[in-house]
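Visitor: build the 3D model from these lines:
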Amino acid sequence: MAETRELTIEKLVYGGDGLARIPSTDGRQQAVFVPFVLPGEVVRVELEPPARGRTTARVIEILQPAPERITPLCEYFGRCGGCQLQHAPAELQLELKRGMLIETLRRTGGLIPGEAWTGDVALHAAEPWAYRNRVRLQRTPEGVGYYERDSHRVLPVTHCPIASASIEAAIGTLAPGEREEIELAVDNDDHGLASDAPLEFSAAGHRYRVSAGSFFQVNRFLTEELVEVVTGGVSGTAGSTAIDLFSGVGLFALPLVDRGFSRVHAVESHPAAYEALRFNVASAKAVRASRRPALEFVRQWKYGPPDLVVADPPRTGLGREMVAALLEAAPRRLHLVSCDPATLGRDLRGLLAAGYRITEMHLLDLFPQTYHLETVVKLSLG
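Guide: Presented below is the predicted three-dimensional model:
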């Protein structure tokens with residue numbers, strides 16, 4: 001019979017689980033991770049068998065709910081693997097994510113209190129529902145839906161309140177069938193769902209063509225603010241150079257020209273994204289598109305320290321080799337965009353140890369109702 005416990009939740013950690021502690025056999029406190037709870041709550045749980053050195057628990061009863069707790073909007077919450085925080089108001093979600101970010105960066109060495117940075121985290125949020133311009137669903141003979149939490153079983157759904165109105169309406173019309181993945185996408189005006197043609201997005205005064213297979217931010221309400229945060233605070237001068245690594249379709253490259261940089265190198269290796277990038281920057285004479293791996297481009301840079309490097313790497317982060325290459329290139333300013341605080345902390349540890357200092361840190365809630373977050377860290381050399 002499974003062991004039951006009464007636990008008090010200390011805080012939420014990255015991943016969305018609550019952290020509680022129980023005595024262990026060696027006399028120390030053992031961490032227990034509990035989903036769908038809030039800090040301060042007292043819960044009765046059933047402990048699950050440890051897996052990969054981690055002890056988790058399932059809530060049986062919330063004995064003392066947090067005063068902020070709300071009823072989740074979506075009937076699938078708790079079973080669907082997409083959302084983890086619908087039981088918290090949007091304002092609280094933002095504060096919880098700030099805590100997750102700082103705790104993760106300190107744990108990974110990306111922030112050393114009193115040494116690396118003592119400033120605040122600027123928070124940016126928008127409409128917490130109907131924000132997604134793209135979703136991926138699984139079609140099965142039993143129905144169309146998302147993966148269940150912590151499994152590859154498919155949970156059939158008829159709606160999804162974090163999806164745009166057009167996408168949510170379309171979900172209800174999808175019929176069961178042979179196993180396949182389905183992607184539904186719209187532009188930031190919630191149009192284009194029925195077309196196979198590339199979508200066009202507006203942001204920061206520019207139009208971007210986004211073809212199938214190309215990455216673009218999924219939050220249709222916060223993309224403009226993301227561009228402003230990433231490219232703001234710097235001004236190019238005559239002869240100034242900026243490098244946009246992992247450029248995608250050129251979301252940051254074109255606004256960097258508007259900031260006054262004489263030359264912007266937009267670097268992208270993915271074939272579909274590169275073709276969209278070339279199309280989007282075709283009329284911008286200051287932008288030079290390069291279809292090369294970002295690491296190769298930086299390693300072969302021989303033109304002196306760039307004035308600015310913007311880097312928006314995948315979830316795996318920059319990695320040790322890219323950090324070393326950037327330190328060799330020695331950009332005067334580095335604006336780092338990250339969707340994973342753990343890999344961000346690892347990358348920051350190497351950059352800070354080599355003399356960079358953090359000047360700004362921003363958290364953008366691009367993924368409300370989930371534990372995911374986007375961070376922009378601005379660094380300068382010396």
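Visitor: all strands for the stretch 251-382 of the chain, in order.
Guide: Counting by DSSP state E, counting those that start in this stretch, residue ranges of the strands within the stretch 251-382 of the chain are 263-267, 287-290, 308-311, 333-338, 356-364, 374-381.
Visitor: elements contacting the longest one?
Guide: Helices and strands touching strand 356-364, as assessed by 3 or more CB pairs under 8 Å, 6 or more residues apart in numbering; DSSP states H and E, comprise helix 90-108, strand 122-124, helix 223-231, strand 374-381. To be clear about C-beta, it is placed using only N, CA and C from the backbone, and glycine gets the same treatment.
Visitor: so for the third one, what gets flagged as buried?
Guide: Of the residues in helix 223-231, those scored as buried under the neighbour-count criterion (16 or more other CB atoms under 10 Å) are 223-227, 229-231.
Visitor: next up, the contacts around residue 175.
Guide: residue 144 (CB atoms under 8 Å, 6 or more residues apart in numbering).
Visitor: nearest to residue 92 among the buried residues of helix 223-231?
Guide: residue 225 (20.5 Å; CB to CB).
Visitor: beta partners for the closest residue to the closest one other than its chain neighbours?
Guide: Excluding the flanking residues, the one nearest residue 225 by CB to CB, 6 or more residues apart in numbering is residue 124, at 5.4 Å. For residue 124, the beta-bridge partners are residue 364 (DSSP bridges).
Visitor: residue 71: neighbour count?
Guide: Residue 71 has 7 neighbours, counted by other CB atoms under 10 Å.
Visitor: does the nearest residue to residue 174 once chain neighbours are set aside count as helix, strand or coil?
Guide: Nearest non-adjacent residue to residue 174, counting by CB to CB, 6+ apart: residue 144, 4.2 Å away. For residue 144, the secondary structure call by DSSP: H, G, I helix; E, B strand; the rest coil comes out as strand.
Visitor: you'd agree residue 144 is up against residue 137?
Guide: Yes: the criterion here is CB atoms under 8 Å, and residue 144 meets it with residue 137 at 5.3 Å.
Visitor: tell me who's in contact with residue 378.
Guide: 233, 333-336, 358-361.
Visitor: what do you get for residue 45?
Guide: Contacts for residue 45 (CB under 8 Å, 6+ apart) come out as 4-7, 32, 34, 57-60.
Visitor: could you redo the last one with a cut-off of 6 Å?
Guide: Under the criterion of CB atoms under 6 Å, 6 or more residues apart in numbering, the neighbours of residue 45 are 5, 7, 34, 57, 59.
Visitor: show me where pLDDT drops low in the stretch 151-300 of the chain?
Guide: 195 (pLDDT under 70).
Visitor: how many other residues sit next to the nearest residue to residue 111 once chain neighbours are set aside?
Guide: In this structure, residue 111 finds its nearest non-sequential neighbour in residue 105, 4.1 Å apart by CB to CB, 6+ apart. Neighbour count of residue 105, defined by other CB under 10 Å: 26.
Visitor: is residue 105 in contact with residue 346, as I believe?
Guide: No: look at residue 105 against residue 346 with CB atoms under 6 Å: they stay out of range, at 9.9 Å.
Visitor: just to revisit the earlier point, state the pLDDT value of the residue nearest to residue 174.
Guide: You'll see residue 144 listed with a pLDDT of 97.
Visitor: that one reaches residue 136, doesn't it?
Guide: No: assessed by CB under 6 Å, residue 144 is found out of contact with residue 136, at 11.1 Å.
Visitor: comparing those two, which residue is more hemmed in?
Guide: Neighbour count, other CB under 10 Å: between residue 144 and residue 136, residue 144 has more, with 21 against 11.
Visitor: ramachandran angles for residue 30?
Guide: phi -100, psi 130 (degrees, to the nearest 10).
Visitor: without its sequence neighbours, what residue ends up closest to it?
Guide: residue 24 (3.8 Å).
Visitor: right, and that neighbour touches residue 31 too?
Guide: No: counting by CB under 6 Å, residue 24 stays clear of residue 31, with 9.3 Å between them.
Visitor: any idea how the protein splits into domains?
Guide: 4-69, 92-127+203-381, 134-200 (automatic domain parsing).
Visitor: need the winner for burial among those.
Guide: Across these, averaging neighbours per residue (mean count of other CB atoms under 10 Å) puts domain 92-127+203-381 on top, at a mean of 19.
Visitor: what's the end-to-end length of that one?
Guide: The first residue of domain 92-127+203-381 is 35 Å away from its last residue (CA to CA, to the nearest Å).
Visitor: quick one: contacts for the residue nearest to the spatial centre of the chain?
Guide: Nearest residue to the geometric centre of the chain (CA atoms, centre = their mean): residue 339, 3.1 Å. Residues near residue 339 by CB under 6 Å, 6+ apart: 315, 374.
Visitor: what does residue 379 give?
Guide: 334, 356, 358.
Visitor: just the helices in the stretch 101-250 of the chain please.
Guide: Assigned by DSSP state H, counting those that start in this stretch, the stretch 101-250 of the chain shows helices spanning 165-171, 223-231.
Visitor: my guess is residue 347 contacts residue 318, does it?
Guide: Yes: counting by CB under 6 Å, residue 347 touches residue 318, with 4.5 Å between them.
Visitor: between those two, what contacts are shared?
Guide: With CB under 6 Å, 6+ apart as the test, residue 347 and residue 318 reach no residue in common.
Visitor: buried set for stretch 76-84?
Guide: For stretch 76-84, the neighbour count (16+ other CB under 10 Å) marks 76-78, 80-84 as buried.
Visitor: give me the contacts around that stretch.
Guide: In this structure, residues lying in contact with stretch 76-84 by CB under 6 Å, 6+ apart are 16, 36, 86, 146-149, 155, 157, 369-371.
Visitor: and that stretch, how far apart are its ends?
Guide: End-to-end distance (CA to CA), stretch 76-84: 11 Å.
Visitor: off-centre distance for that stretch?
Guide: Relative to the chain's own centre, stretch 76-84 is displaced by 18 Å; criterion: CA atoms, centre = their mean, to the nearest Å.
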